[in-house]
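1. with the input below, show me the fold.
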Amino acid sequence: MLSSLISLLACAGFAGDDAAGPGGPTGPRAAPAAGFHQIAFVTDTLSHGQLGDGYLSLNEAIQLHNGTLLVSQLSTAEQQQVTALPGSLTSDITWIDIDSEAVPTITVQQDLDTIVNTPYGLFLRGEGGRVTLDLTAPGLTRGLHSTSSSLSLQGLRFLGGVSGLDVVQADATGQPGCVVIDCVFENLATFGVRVAGTQPGGVGRLILEDCRFVNVQDACSFDDTPADRNTIFEARDVTVAGAADGFDFDVGVGGTARFTLDRCSVTCTGVGVDLTAAATNGRPMLVEGTHLRVRAPFAARIDGATDAVTWMQCSMWHLLAPAGGTALALGALGDQVYGDLRELRCTGDVTIAAGGAPLPLRVRNARCRDGAVTLSTGASQALEVTESRFSNCTTESAGGGQVLFDGCSFEAGTVGLASPSGSMQATNCFVPGSGAGMTATGSLPQAQLGSMEVFPDDAQLGGTISFQMDLPAGLVGVFALGTVPLSVPTLPAPYYIYADPASLVFLPGFYSGQQSTSWQVPPLIAFFGAQLIVQSAVLPVAAPAPFLQLPPGWLFEVR
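-> Residues are numbered from 1 along each chain as shown. Now for the predicted structure:
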């Protein structure tokens, strides 16, 4: 909603000197003319139609925005579809509206004109529901193409064809950049959304909200490699299903970068999240977000750098690879990677490496299973792992720095060193048969940490979803359901709760070992599209363990 409002205000010329869309202020914008502009209502079910036929087509509306077609050239009936917004003092088209009831589908006959960059940008909306852009006609080479630094799309469905939205973005300083809200990209041969930055020293901005990518080769690509650019990417409530690759990011040297992934789900056959950066790039990066779920052979790859910090602020990331796959590859030994990874859940191989940052890198309340886990740092940077469980993992360390484990549990796996220079210190941990390089103090006699699993990933309206405990002997747990709060977590460490406490409902019963229960989603329309959290609370009954622990929960959506 915020992005929608900002986009509309910017398109209407209301944005002030410091308005920069969802990414926040980035500098002054060009001084706008006073007043509003004009809106074009598309009434033609054909993308190009015929000039003068009485129906305003999408391509004619784009030409009006570009200035390559004048309102005076339209027929009288077509001119009635162009309306000056209240108080208008200018004649440019900044808003194209398509009524989904009157025009549910637009058949794209040939490549649409490029949406060019203008001082006030363009807002293109499907009103009342998504409007389908049918891109399956033979001969099409693309979907929407734009060179605008202020383009907002809402309520569109890109169906079939080569690609969805392709944006060449010079400089979005003081502009929304590319904002895509409530759009679906389906059955596209190459990509859903692609944004490429071009101007060194400019701002690159791509915002995705409430979007779905279904059976698309590459869901989202953001190439911001020109030097000294300030890169801003945000994705909220984005689902990728049936893709080859999910999010693909590339950054260059200098400038800054921020990547936000909130409540996103990716299922693909390649790489789920791929952030590529040069080993020496001088571009500090912030990678943040809560509730990211990826199922892919390579779930997440995030490069660091030796000469610029990579600040991680991530919670409830579930990176799930099949057998033999990689859950997470973060940084390389000597990189300036620091920050917090909380409630991290990984299936498959994990590599986390740092060593060059002045602040520690912390992994808290993680659950890793069925993979090779290599944690490495240098002598000048702490790598701290607390309250984390490693099941059937080969856990190793490399590098000259010490990896500190506190309150962790290592089960059905091995612990040792990947290189003679590494070292590990375990305090108050369960470490059976620790290998060379592991120094253990206050060791526990048995495993003390629990986990939980959810089947399937999401629930169907009126269907059931199962919750299963995974607890060592001597522990019991309960399940609670709740809604997703606006801000998380709601309580301080170590009791991070990702459900709204006011909405929590405990399911009946206590569960031990591998016991499970199920919940049937009420067949009520109010539940459709709801995002819920299942959280387990684990208590000791006959084991030396924390008096209360909250293993990573699970966000699921009712579909």
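
2. pull the contacting residues for residue 126.
-> Residue 126 sits next to 98, 100, 154-157 when contact means CB atoms under 8 Å, 6 or more residues apart in numbering. In short, each C-beta sits where N, CA and C put it, glycine included.

3. could you rerun that using 7 Å?
-> Residue 126 is in contact with 98, 100, 154-156, counting by CB atoms under 7 Å, 6 or more residues apart in numbering.

4. pull the most distant pair out of these.
-> The two members of those with the most space between them (CB to CB) are 100 and 154, at 11.4 Å.

5. which one of the two has more residues nearby?
-> The neighbour count for residue 100 versus residue 154, taken as other CB atoms under 10 Å, is higher for residue 154 (22 against 18).

6. quick one: strands adjacent to the longest strand along the chain?
-> Across the chain, the longest stretch assigned as strand under DSSP state E is strand 203-224. Using DSSP bridges, the strands paired with strand 203-224 are strand 177-181 (parallel), strand 184-197 (parallel), strand 230-243 (parallel), strand 245-251 (parallel).

7. and among those, the most buried is which?
-> Of all the strands paired with strand 203-224, strand 177-181 carries the top mean neighbour count, a mean of 27, counting by mean count of other CB atoms under 10 Å.

8. quick check: residue 313 touching residue 288?
-> Yes: look at residue 313 against residue 288 with CB atoms under 7 Å: they come within range, at 4.2 Å.

9. where does the protein have its least confident helix or strand?
-> Within the chain, confidence by mean pLDDT, DSSP states H and E is lowest for helix 2-11 among all helices and strands, at a mean of 33.

10. returning to that earlier point: just the contacts of residue 126: which are in strands?
-> Of the positions in the contacts of residue 126, 98, 154, 156 sit in strands, assigned by DSSP E.

11. can you lay out those as CSV showing distance to residue 496 and pLDDT?
-> Below are those laid out as CSV (distance: CB to CB, whole Å; pLDDT from 0 to 100):
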residue, distance to residue 496, pLDDT
98, 43, 97
154, 34, 97
156, 37, 98
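
12. could those residues go into a markdown table alongside distance to residue 333?
-> Output for those, formatted as a markdown table (distance: CB to CB, whole Å):
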| residue | distance to residue 333 |
| --- | --- |
| 98 | 53 |
| 154 | 45 |
| 156 | 45 |
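
13. which of these sits closest to residue 381?
-> Nearest to residue 381 among these, with distances taken as CB to CB, is residue 154, at 44.0 Å.

14. residues in contact with that closest one?
-> Contact analysis of residue 154 by CB under 7 Å, 6+ apart lists 4, 125-126, 181-182.

15. flag the shaky bits of the protein, pLDDT-wise.
-> For the chain, residues meeting the criterion pLDDT under 70 lie at 1-36, 84-90, 417-422, 434-436, 490-491.

16. one more pass at 50, please.
-> Along the chain, segments meeting pLDDT under 50 span 1-35.

17. let me know the outermost residue of it.
-> Most distant from the centre of the chain: residue 76, at 46.1 Å, with distances by CA atoms, centre = their mean.

18. if I look at that one, how far off is residue 43?
-> Between residue 76 and residue 43 the distance, using CB to CB, to the nearest Å, works out to 14 Å.

19. quick one: end-to-end distance for stretch 146-166.
-> Using CA to CA, to the nearest Å, the end-to-end distance of stretch 146-166 comes out at 6 Å.

20. run the chain-centre distance for that stretch.
-> In this view, stretch 146-166 has its centroid 18 Å away from the chain centroid, taken as CA atoms, centre = their mean, to the nearest Å.

21. and stretch 340-359, by the same measure?
-> 18 Å.

22. can you pull the buried residues of it?
-> Going by neighbour count (16 or more other CB atoms under 10 Å), the buried part of stretch 340-359 is 340-357.

23. return that stretch as PDB; C-alpha atoms alone will do.
-> What follows is stretch 340-359, C-alpha atoms only, in PDB (Å, rounded to 0.1, in the frame of the first residue of the first chain):
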ATOM      1  CA  ASP A 340      22.900 -11.800  12.600                       C
ATOM      2  CA  LEU A 341      21.300 -14.900  11.100                       C
ATOM      3  CA  ARG A 342      18.400 -15.800  13.400                       C
ATOM      4  CA  GLU A 343      16.100 -18.800  13.300                       C
ATOM      5  CA  LEU A 344      18.000 -20.100  10.200                       C
ATOM      6  CA  ARG A 345      16.900 -23.500   8.900                       C
ATOM      7  CA  CYS A 346      19.100 -25.300   6.400                       C
ATOM      8  CA  THR A 347      18.900 -28.700   4.700                       C
ATOM      9  CA  GLY A 348      22.000 -29.500   2.600                       C
ATOM     10  CA  ASP A 349      25.500 -28.100   2.500                       C
ATOM     11  CA  VAL A 350      26.300 -24.800   4.300                       C
ATOM     12  CA  THR A 351      29.300 -22.600   4.000                       C
ATOM     13  CA  ILE A 352      29.500 -19.400   6.100                       C
ATOM     14  CA  ALA A 353      32.800 -17.500   6.000                       C
ATOM     15  CA  ALA A 354      34.000 -14.200   7.300                       C
ATOM     16  CA  GLY A 355      37.100 -12.900   9.000                       C
ATOM     17  CA  GLY A 356      37.600  -9.300   7.800                       C
ATOM     18  CA  ALA A 357      34.800  -7.400   9.600                       C
ATOM     19  CA  PRO A 358      35.300  -5.400  12.800                       C
ATOM     20  CA  LEU A 359      32.100  -6.800  14.300                       C
END
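
24. thinking again about what came up before, for the longest strand of the chain, list every residue counted as buried.
-> The neighbour-count check on strand 203-224 (16+ other CB under 10 Å) flags 203-214, 216-224 as buried.

25. do stretch 326-334 as well
-> For stretch 326-334, using 16+ other CB under 10 Å, the buried residues are 326-334.

26. next: stretch 362-382.
-> For stretch 362-382, the neighbour count (16+ other CB under 10 Å) marks 362-378, 381-382 as buried.

27. gap between the two ends of it?
-> Stretch 362-382 has an end-to-end distance of 8 Å (CA to CA).

28. what residues are up against the spatially most central residue of the chain?
-> The centroid of the chain falls nearest to residue 261 when counting by CA atoms, centre = their mean (2.9 Å). By CB under 7 Å, 6+ apart, the contact set of residue 261 is 235, 289, 292.
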